[in-house]
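requesting a structural model of the entry that follows:
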Amino acid sequence: MDDSDSPTYASLAPANPTMVNDLASVDLPSLSNIPDVNSNGHLPSAVQSPLSGQDVSSPQTPASLDMKSDGYSDMDKSTMIAVIQFLKRGNLKSTEEILRKECGFFEPVDVTDTSGALGEEGEVLAAYKSDGNPAEYQDAFKALSAFVEKSLDAYKYEVAAVLYPVLIHMYLELIYNGHRGEAVELLQNCSSSIEAHHADDLRSISLVTSRAQMAGQPLLNTLLSAQYTCRMSRDSLAHLKRFLADRSAGPVPRIIQDRLNIDLVDGQPRTKAQVLAVQGAITGEAPRSANKTKIFYGLLKEPELQTVINEEEEAEDDLDKPKKKKSKKDALQKNKKNDPNAPPANRIPLPELRDQDKQERARIYRDSMKRVTLSRDALPSICFYSFVNASNTCVGGSVCSVDISDDSSILAFGSAESILSVHSITPAKLKAMKPAEQLSDIDKDSEDVLVRMLDDRSGETQRNLMGHSGPVTAVSVSPDKALLASSGQDGTVRIWSLQTWTCVVVLRGHIYPVWSVRFSPHGYYLVTGGHDRTARLWTTDQHLPLRIFAGHYSDVDVVEFHPNSNYVASGSSDRSVRLWDCSNGACVRIFTGHKGTVSAVNFSPCGRYLASGSCDARILVWDLGGHGNALAALSSHSDTIHTLAFSREGTILASGSMDCTVKIWDFAKVTEEGRDEDVNATTSPLEDKSLLLSTFPTKQTPVLSLHFTRRNVLLASGPFNG
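All right, here's what the predicted structure looks like:
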């Protein structure tokens, strides 16, 4: 595989999917020396030193440094000060003395002075430098809080959104300027004015009690790199400005001016419910400008399968079943129609359908004709797969992740012991490919060549795959069941052949653990998300990512492809959901409203709606045809929602949680109510208890995976913790 054939960041490469047969014989290069790519898709030119910001990829000799009269460059001296401060804080006196003697550095070092040791971070933090009276901060915030409390209800809830960011930046400003006592008192006396969903952030910030601790603090870095967005109507902003005009010399106007982004909107001020519905993300609400791009959420036109359908009709003529024949014709004609909201067929390159793919599509049509239509009066049957003897070494036991193939014949799971286990959940066994010398005797032109390639004597009901050096955090079976992708805490993504039962390629690019991996519904593409705050788009025949989706402010915990494969949704610990365009890598939607880490996302079969679940035990439903507002908020779970699944026709939504329950929701009513209300910026999400149709408790088994079969039987799975 030649690196020169790799796709560039600017454009997608033409689709040329690699068959498993070919992958098994390709001489792949060693991937251990492949460098990571940065968020711009380019190879990094240097690694930055965490202390001084210097380039450590090509170390300089002492003679090349800009030496001062005392024998140290500015860069050397700041590094030395940082090291000595670290030793002093750890009370490592003997080590400090040895270091000073060896380096000839005897200048006094103040452990509380970090201005010379923070490098580039120190320059950013210097924005907090202030000569203001520390005693004024608490009085200023209490005045702001009292002003909000006394405001008319029409303005109160929009104006109240500034309280949290103002309090945080006041606290950090006091800490930076050495006023620890006043800062701690400010947080203790004023945090009661802040909404409860910010409690974790306040607790995290309260751990920062000195200027030295400010460097490298994840939440602080986020607050410094992005302004906190507060959306207000013109009337609410005018009301706030009147208050600020009377206190122009205090810290509140300065912080609002420098640290906040006021997103002005036309129309009436929002109610408390409307404001709370979009709050929760680390950086506040999503700016309206981020949600204006047109989205092609429609489905791609289905390929021609007339020959297969005609054969089906002839068979049914013999059985004299005219009613079913009519329904099949209707279904075929429906899939032939062009969706006006669908993307152009050539917007992104997709693999051409092979004969076996067409046969699989025909099987999907046959199953759809026998599918049970689910509704409020016809709930799904549920089959639950429990993993017994699971130790408590990972979330939900040693089983960390589960996935079921689209045809519901294979179940794969990854464990904390670095093992991938693949099970057949049908009578068919898992067979391996014949040896190479036997493959040469097979007629390549025969219709059942793929069946003849497999060794019947090798059939097993379970196979284990080992290669990761840490817990297997996510697994995904390709639509054609030829490949299995797995992500690990070791920072790698592995692609396994389900015919040779070997690892065929290791994808290296993420710097830290990879939390999620998903195959595209059309195969060939896969997407990953990890601790490095990025999601990445890959193909099965390249070892470098085609796209790097950078924009989240914390871990990307979960990713999912849109049904038309043109978009990717990502959920993050920054409590936001983003929608990315695979054609250009742009973020086209930002959804805010969750009050905890987003732990599950899934698209409706029609492609228009996106459901997301989080650690706040709520499900939010988003309309991709709208502008970033929640269509509905579903609340009934009592713990983290780990998985979401739509029925095949999209009328039912199932959710699985760590509270050991499976809940069934009336999604048909959600979409019906949403169309009637015409969701916009001033509409509250639908919260109707009647949307919950049923709750199915498990026996001490958290639900890790949900999957609807092609005939609408719900398959669930999780580890038994009894």
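
how would you label N261: helix, strand or coil?
Secondary structure state of N261, per DSSP: H, G, I helix; E, B strand; the rest coil, is strand.

how much space is there between it and R231?
9 Å (Cβ to Cβ, to the nearest Å). The way it works is simple: take the backbone N, C-alpha and C, and place the C-beta from them, glycine included.

kindly report the same for I175.
For I175, the distance to R231 - Cβ to Cβ - is 29 Å.

who has more neighbours out of N261 and R231?
R231 (22 against 16; other Cβ atoms under 10 Å).

who are the contact partners of the nearest residue to that one once chain neighbours are set aside?
Nearest non-adjacent residue to R231, counting by Cβ to Cβ, 6 or more residues apart in numbering: D263, 4.4 Å away. Residues counted as contacts of D263 (Cβ atoms under 8 Å, 6 or more residues apart in numbering) are 229-232, 285, 287-288.

could you dump these into CSV and include secondary structure and distance to K595?
Shown next, in CSV, are those (DSSP: H, G, I helix; E, B strand; the rest coil; distance: Cβ to Cβ, whole Å):
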residue, secondary structure, distance to K595
T229, strand, 16
C230, strand, 17
R231, strand, 17
M232, strand, 21
E285, coil, 13
P287, coil, 20
R288, helix, 21
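
how about the secondary structure of S516?
strand.

ok, P719 touching V399?
Yes: between P719 and V399 there is a contact under Cβ atoms under 8 Å: 4.4 Å.

ok, residues contacting whichever strand or helix holds S94?
According to DSSP states H and E, S94 maps onto helix 93-103. For helix 93-103, the external contacting residues (Cβ under 8 Å, 6+ apart) are 80, 83-84, 87-88, 105-106.

how about a cut-off of 6 Å?
Identification of contacts with helix 93-103 by Cβ atoms under 6 Å, 6 or more residues apart in numbering yields 87, 106.

also stretch 154-167?
Under Cβ under 6 Å, 6+ apart, the answer for stretch 154-167 is 148, 151, 190, 193-194, 198, 228, 230, 232, 236, 239-240, 255, 260, 269-270, 272, 275.

in the stretch 151-300 of the chain, which spans are helices?
Counting by DSSP state H, counting those that start in this stretch, the stretch 151-300 of the chain has helices at residues 153-159, 163-176, 180-190, 199-206, 211-214, 218-225, 234-245, 251-259, 272-278.

on that earlier part again, okay, and the common contacts of P719 and V399?
387, 390.

just the buried ones from the contacts of stretch 154-167?
Listed as buried from the contacts of stretch 154-167 are 148, 151, 190, 193-194, 198, 228, 230, 232, 236, 239-240, 255, 260, 269-270, 275; burial here means 16 or more other Cβ atoms under 10 Å.

in this structure, where is pLDDT below threshold?
Applying pLDDT under 70 to the chain picks out residues 1-75, 111-124, 305-337, 391-397, 445, 447, 674-683.

domains of it?
Residue ranges for the domains of the chain, per automatic domain parsing: 7-39+376-719, 126-270, 306-369.

quick check: the residue nearest to R231 vs D235, distance?
With distances taken as Cβ to Cβ, D263 is found 15 Å from D235.

next one: N91
Counting by Cβ to Cβ, the gap from N91 to D235 is 58 Å.

now do R371
Distance of R371 to D235, computed by Cβ to Cβ: 52 Å.

now do the strands in the stretch 551-700 of the chain.
Using DSSP state E, counting those that start in this stretch, the strands of the stretch 551-700 of the chain run over 556-561, 567-572, 576-581, 587-592, 598-603, 609-614, 618-623, 630-635, 641-646, 652-657, 661-666, 692-697.

what angle separates the third one from strand 587-592?
So that's strand 576-581. 170 degrees (axes from the mean of the first three to the mean of the last three Cα atoms, to 10 degrees).

quick one: contacts of strand 576-581?
281, 549, 567-571, 587-592, 598, 612.

which of the residues you listed count as buried?
Buried among the contacts of strand 576-581 (16+ other Cβ under 10 Å): 281, 549, 567-571, 587-592, 598, 612.

now, the most widely separated pair of those residues?
A281 and Y567 (20.1 Å; Cβ to Cβ).

got the end-to-end distance for stretch 695-703?
Taking Cα to Cα, to the nearest Å, the first and last residues of stretch 695-703 lie 13 Å apart.

would you mark the buried spots in that stretch?
Counting neighbours by 16+ other Cβ under 10 Å, stretch 695-703 gives 696, 698, 701-703 as buried.

quick check: of those residues, which lies closest to S409?
V703 (20.9 Å).

one step back: closest to I425 out of the contacts of D263?
E285 (43.8 Å).

how about the closest one, what does it touch?
With the criterion set at Cβ under 6 Å, 6+ apart, E285 makes contact with 229, 231, 278, 592.

partner residues bridging the last one?
What it means is T592. Bridge pairing for T592 (DSSP bridges) gives the partners S576.

how many residues are close by F720?
A count of neighbours around F720, defined by other Cβ under 10 Å, yields 17.

mind listing what's buried in stretch 401-417?
Buried, per 16+ other Cβ under 10 Å, within stretch 401-417: 401-416.

show me what it is in contact with.
Under Cβ under 6 Å, 6+ apart, the answer for stretch 401-417 is 393-394, 398-400, 420-423, 425-426, 471-477, 479, 481, 484, 486, 704-705, 707, 709, 715, 717.

stretch 239-256 now?
132, 137, 140, 144, 147, 155, 159, 166, 169.

again, but for stretch 431-446
With Cβ under 6 Å, 6+ apart as the contact definition, stretch 431-446 has outside contacts at 452-455, 458-459, 499-501.

give me the buried subset of those.
By 16+ other Cβ under 10 Å, the contacts of stretch 431-446 give 452-454, 499, 501 as buried.

hey, C-alpha coordinates of stretch 205-214 in PDB?
Extracted in PDB, the C-alpha atoms of stretch 205-214 (Å, rounded to 0.1, in the frame of the first residue of the first chain):
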ATOM      1  CA  ILE A 205     -12.800  24.900  39.500                       C
ATOM      2  CA  SER A 206     -12.800  25.100  43.300                       C
ATOM      3  CA  LEU A 207      -9.800  22.700  43.300                       C
ATOM      4  CA  VAL A 208      -7.700  25.400  41.600                       C
ATOM      5  CA  THR A 209      -6.300  27.400  44.600                       C
ATOM      6  CA  SER A 210      -3.100  28.900  43.200                       C
ATOM      7  CA  ARG A 211      -1.700  30.300  40.000                       C
ATOM      8  CA  ALA A 212       0.500  27.300  39.500                       C
ATOM      9  CA  GLN A 213      -2.600  25.000  39.400                       C
ATOM     10  CA  MET A 214      -4.300  27.100  36.700                       C
END
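
what comes up buried for it?
205, 208, 211-212, 214.

can you check stretch 709-717 too?
Here stretch 709-717 shows 709-710, 712, 714-717 as buried, counting by 16+ other Cβ under 10 Å.

about what we covered before: out of the contacts of stretch 431-446, the closest to F519 would be?
Once Cβ to Cβ is applied, the member of these that ends up nearest F519 is Q499, at 16.1 Å.

and that closest one, what are its phi and psi?
Backbone torsions of Q499, given as degrees, to the nearest 10, read phi -110, psi -40.

and stretch 343-362, which residues are buried?
In stretch 343-362, counting by 16+ other Cβ under 10 Å, buried: 343, 347-351, 357, 360-362.
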